[in-house]
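Colleague: Dropping the sequence and predicted coords here.
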Amino acid sequence: MGFPTRVQCIHRKSSEQWYINFPSALAQAMEFSQGETVEWLVEQKNLLALRRPEAPAPILKKTPPDSSTSSTASGKKLIASSGNSGLPAGPKRSR
């Protein structure tokens, strides 16, 4: 879901200041704190990224996927047993 926001500009005698307000719901979801320093990055002309050097630690930690030397490209483990290829027997195809 996006948050439409207007870009504003204040003109002064010797300069101008551009503003983009953060919607409150977005700031709360990101757990921003007042006075926090962020860095804007121009990824493309239509994509502006915001970097937080001191973002809060995630609450949920991701566990690395179980790696195995006997796994297929799709990540499913193959179980080798004598007499078959380790794959379940499927229906026989007729010609």
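Modeller: Alright, I've got the coordinates. Numbers count the residues shown, from 1 in each chain.

Colleague: who's in contact with Pro53?
Modeller: Applying C-beta atoms under 8 Å, 6 or more residues apart in numbering to Pro53 gives the contacts 37-39. C-betas here are computed from N, CA, C, even on glycine.

Colleague: Equivalent analysis for Glu43, please.
Modeller: Per C-beta under 8 Å, 6+ apart, neighbours of Glu43: Ala49.

Colleague: Neighbouring strands - and their directions - for the helix or strand hosting it?
Modeller: Using DSSP states H and E, Glu43 maps to strand 39-44. Counting by DSSP bridges, the strands paired with strand 39-44 are strand 47-51 (antiparallel).

Colleague: contacting residues around the partner strand?
Modeller: Outside strand 47-51, the residues touching it (C-beta under 8 Å, 6+ apart) are 38-43.

Colleague: what do you get for stretch 26-41?
Modeller: Residues outside stretch 26-41 that contact it (C-beta under 8 Å, 6+ apart) are 3, 22, 48-54, 56.

Colleague: Any chance of these in CSV with pLDDT as columns?
Modeller: Shown next, in CSV, are the contacts of stretch 26-41 (pLDDT from 0 to 100):
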residue, pLDDT
Phe3, 86
Phe22, 86
Leu48, 91
Ala49, 93
Leu50, 91
Arg51, 94
Arg52, 93
Pro53, 90
Glu54, 87
Pro56, 82
